[in-house]
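Trainee: How does the following fold in three dimensions:
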Amino acid sequence: MLSFLGDVQIGLFSFAVSLYTTIMASALGFSPVESAFWLSIVATGWGAVYWFAPIILGHLSDKIGRKFALLMGMAIFIVVNVLVLVAAWHPFHLFLAFAASAACFAFYYPVLGALSSEISECQGSTCHSQVVSRFMVSWSIGLMLGPLIGGTFDTLFNHVIAFWFLAGISILISVIVMACLPSKPELVMLVHAVNQNHLDNHQHESGASTNPPKKSVTFSRPFLRVMLFSMPFIFSFMNQIYFAVFPGFAVDNMILGVFDGADPSFMAGMLVFSLGFGRTVTFFHAGKMGKWLRLPLVILSPLVMGVATMIVYFFPLAGVLLVAFPVYGIFSGYTFSTGLLTLMESSRSGKGLKAGFYEAAVGIGTLLSTFVSIFISPSNPSNPFLLSSITGLVTSGAMFLAYLSWQKGPPSLVEKYPDESGR
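Mentor: Next up, the predicted model:
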């Protein structure tokens, strides 16, 4: 529930801020070039903070506890939404709001990811994969619904309603956290008890000694280390253009075609919803996906994402995009899930910090894509999608070449067991 509600907030806030930027720029009398410039500036707000905040705050959550970290993030996010409503009158203020929201969720998703992994890894790799998969499915459904809610609000009411709604969700999340989540001491005791119970059951079933050798997981190829950075980076680099740039782009540039007469902002929300639907289907599959399938998906997914994004650049026709967006969503889901599952399986402690590094790679991709968009979108509003497409194609080729250059055996996780000497 927390994972779902959190990304409803992210999806809705990104969508609402993008629309608000376009509306505000028009009200201030900005030219189309100036409007495109500020749309890109505002979109960089998330990445300006999220490339480093998850590392710091994820590690801090290891110290102060998951429950307190989540409550702190939501308290700040409530303040951000209220300030947007009462104090924002220039796009620069929306940039600051987007940056502040990134800090709030740097205290949110590394925490939830670590928590999901902590309470499931002791039940075995199959259970761990399924729990992490459900965590991803939950936030994916939330991110899928957020833009749709935003488009509906703008069509039936106005974009301002979204910020009141977001503050209300933050209050609901805080109530759930206080009522349902264990404190740090309780969580430590819970994880220890479940671990001990699982170990006792294993010893009883196998007749093992009371001190079995500990198993650790390490990477057998540098390729996998590169993968752990490349997958969240390419996922965020391309996705941020869809979530932060596309809603504003669609209002002025999308050709409705057979959907002529439909509200452009609602149509944009429907398209982003279809992208999220494809990603969610992938996350369902990720929990059952064999490890042998990860390598081809690591190489193939950025390629398909790049081709789908190229369609947005050449054919911004709503009917065509209804096909391209779900295809993009499916393979963007594989891009994210292969990296996160591999990282969580290889971590045994400090999961908040590890999840923070993964989220920081997301932040780096987010920042770079929208920062470059500042300079290329004024000349042509569709240029960010060309940039995104080229990035996907280049990444796919680079990953394939990296695999060939490093291939000396199966590029998979290798389980290591100490021998009798303890080595």
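
Trainee: thinking Ala48 is in contact with Ala99, fair?
Mentor: Yes - here Ala48 reaches Ala99: they are 5.2 Å apart, a contact under Cβ atoms under 8 Å. Using the backbone N, CA and C atoms, a C-beta is placed for each residue, glycine as well.

Trainee: what residue ranges in the chain score low on pLDDT?
Mentor: Along the chain, segments meeting pLDDT under 70 span 121-126, 128, 184-224, 345-354, 406-423.

Trainee: could you point out which element follows the helix or strand harbouring Ser26?
Mentor: Taking DSSP states H and E as the criterion, Ser26 maps to helix 2-27. Where DSSP H and E defines the elements, the next helix or strand beyond helix 2-27 is helix 32-50.

Trainee: centre of the chain versus that next one, how much separation?
Mentor: Here helix 32-50 is found 19 Å from its chain centre; the criterion is Cα atoms, centre = their mean, to the nearest Å.

Trainee: List the buried residues of whichever helix or strand comes after it.
Mentor: For helix 32-50, the succeeding helix or strand toward the C-terminus, using DSSP H and E, is helix 53-64. Neighbour counts over helix 53-64 (16 or more other Cβ atoms under 10 Å) mark Ala53, Pro54, Ile55, Ile56, Leu57, Gly58, His59, Leu60, Ser61, Asp62 as buried.

Trainee: how about these in CSV, adding distance to Phe92?
Mentor: CSV is the format used below for these (distance: Cβ to Cβ, whole Å):
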residue, distance to Phe92
Ala53, 20
Pro54, 24
Ile55, 26
Ile56, 25
Leu57, 25
Gly58, 28
His59, 31
Leu60, 29
Ser61, 30
Asp62, 35
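
Trainee: Identify the farthest-apart pair in those residues.
Mentor: Largest separation among the buried residues of helix 53-64 by Cβ to Cβ: Ala53 and Asp62, giving 14.9 Å.

Trainee: My guess is Ala99 contacts Val49. True?
Mentor: Yes - at 4.7 Å, Ala99 counts as touching Val49 under the criterion of Cβ under 8 Å.

Trainee: more neighbours, these two?
Mentor: Neighbours per residue, other Cβ atoms under 10 Å: of Ala99 and Val49, the larger number sits with Val49, 22 against 19.

Trainee: How about the more buried one, nearest residue that isn't a chain neighbour?
Mentor: Distance criterion Cβ to Cβ, 6 or more residues apart in numbering; nearest residue to Val49, sequence neighbours excluded, is Ala102 at 4.0 Å.

Trainee: list the contacts for that neighbour?
Mentor: Shown in contact with Ala102 (Cβ atoms under 8 Å, 6 or more residues apart in numbering): Gly45, Trp46, Gly47, Ala48, Val49, Tyr50, Ala53, Gly363.

Trainee: Redo the residues you listed as CSV? Include distance to Ala114.
Mentor: As requested, those are exported to CSV (distance: Cβ to Cβ, whole Å):
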residue, distance to Ala114
Gly45, 25
Trp46, 21
Gly47, 22
Ala48, 24
Val49, 20
Tyr50, 17
Ala53, 15
Gly363, 17
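
Trainee: who wins for most neighbours among those?
Mentor: Highest neighbour count within those, by other Cβ under 10 Å: Trp46, with 30 neighbours.

Trainee: measure that one to Ala53 for me?
Mentor: For Trp46, the distance to Ala53 equals 10 Å [Cβ to Cβ, to the nearest Å].

Trainee: cool, and Phe325?
Mentor: Separation of Phe325 from Ala53 (Cβ to Cβ) stands at 29 Å.

Trainee: swap in Val245?
Mentor: According to Cβ to Cβ, Val245 and Ala53 sit 22 Å apart.

Trainee: what does Ser183 give?
Mentor: 24 Å.

Trainee: Tell me the secondary structure at Pro378.
Mentor: At Pro378, secondary structure determined by DSSP: H, G, I helix; E, B strand; the rest coil is coil.

Trainee: got the contact list for Val80?
Mentor: Ala97, Ala100, Ser101, Cys104.

Trainee: hey, where'd the strands end up in the stretch 101-250 of the chain?
Mentor: Ranges of strands within the stretch 101-250 of the chain are 216-219, based on DSSP state E, counting those that start in this stretch.

Trainee: Tell me where it has helices.
Mentor: 109-118, 125-156, 161-180, 184-206, 222-240, 246-253 (DSSP state H, counting those that start in this stretch).

Trainee: Out of those helices, flag the one nearest Thr282.
Mentor: Comparison of the helices of the stretch 101-250 of the chain against Thr282 by Cβ to Cβ identifies helix 125-156 as nearest, at 8.2 Å.

Trainee: what angle do the closest one and helix 2-27 make?
Mentor: Put simply, helix 125-156 runs at 30 degrees to helix 2-27, going by axes from the mean of the first three to the mean of the last three Cα atoms, to 10 degrees.
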